[in-house]
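Chemist: give me a 3D structure for the following:
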Amino acid sequence: MLFDPSQMWRLFTALFIHIGWAHVLLNVATLFFIGRQIENVFGWLRFTLIYLLSGIFGNAMVFLLTPRVVSAGASTSIFGLFAAVVGLAFFTKHPFLQQIGRMFTVLIVANLVMNLFSLGNVSIWAHIGGAIGGLLLSAIFAPKAFIPSIPKQYRIFATGAFVIFLVLFIGLPFFK
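Modeler: Model (predicted):
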């Protein structure tokens, strides 16, 4: 993804570049079948913001922790979307969100465990970073109907944490 700090656009463009047709098809199928449910929860604008910002957050984490690793694909953002639903489900008592929140928690954990045993062709830090970003963004971009369920101090904390960590992930590699 990114080794040259003068090419920061790669934090964004890596979300749209894939390595092989199987990689593209898996991510497209996931977005088509599961992404539509998540879009129904958040709405298209919040969905898009969570998709893009959690992906950039995950890629920035890769930039800090493993800058020489090739990172490409939508899965960073997909992990962010899954974690955003988990975060929203944590604060609400909505039965549908509770159910898919549990399902996405299992999906995230199972995928991360499988990443540990992959042959080095999966960027686990991108997936972890995308999930952390999505979890924080769930409070920032919660649908209006669910905002009262999320304590104001958590929304402020999530916003501050997201911005601070993103700045650190991008800035610290320049001081190595």
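Chemist: what does S71 show for phi and psi?
Modeler: Taking degrees, to the nearest 10, you get phi -130, psi 120 for the backbone angles of S71.
Chemist: how about stretch 158-176: buried residues?
Modeler: Using 16 or more other Cβ atoms under 10 Å as the test for burial, stretch 158-176 gives A158, F162, F165, L166, F169, I170, P173. For glycine as for every other residue, the C-beta is placed from the backbone atoms N, C-alpha and C.
Chemist: so how far is it from its chain's centroid?
Modeler: 15 Å (Cα atoms, centre = their mean, to the nearest Å).
Chemist: send me stretch 102-111 as CSV with only the CA atoms.
Modeler: The C-alpha trace of stretch 102-111 is given here as CSV (Å, rounded to 0.1, in the frame of the first residue of the first chain):
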residue,chain,number,x,y,z
ARG,A,102,-23.7,-10.6,17.7
MET,A,103,-23.4,-12.1,14.2
PHE,A,104,-20.9,-9.5,13.1
THR,A,105,-18.8,-9.9,16.3
VAL,A,106,-18.5,-13.6,15.5
LEU,A,107,-17.6,-12.8,11.9
ILE,A,108,-14.9,-10.3,12.9
VAL,A,109,-13.3,-12.6,15.4
ALA,A,110,-13.4,-15.6,13.1
ASN,A,111,-11.9,-13.6,10.3
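Chemist: list the buried residues for it?
Modeler: In stretch 102-111, residues buried by neighbour count (16+ other Cβ under 10 Å) are F104, T105, L107, I108, N111.
Chemist: repeat that for stretch 53-71.
Modeler: 53-65, 69, 71.
Chemist: swap in stretch 84-104?
Modeler: Here stretch 84-104 shows 84-92, 94, 97, 100-101, 104 as buried, counting by 16+ other Cβ under 10 Å.
Chemist: which ones among these lie within helices?
Modeler: Among these, the ones falling in helices (DSSP state H) are A84, V85, V86, G87, L88, A89, F90, F91, L97, I100, G101, F104.
Chemist: burial count for Y154?
Modeler: Y154 has 14 neighbours, counted by other Cβ atoms under 10 Å.
Chemist: from L49, how far off is it?
Modeler: Y154 sits 18 Å away from L49, going by Cβ to Cβ, to the nearest Å.
Chemist: again, but for V62
Modeler: 20 Å.
Chemist: nearest to S138 among the ones in helices among the buried residues of stretch 84-104?
Modeler: Using Cβ to Cβ, G87 is the member of those that lies nearest S138, at 3.1 Å.
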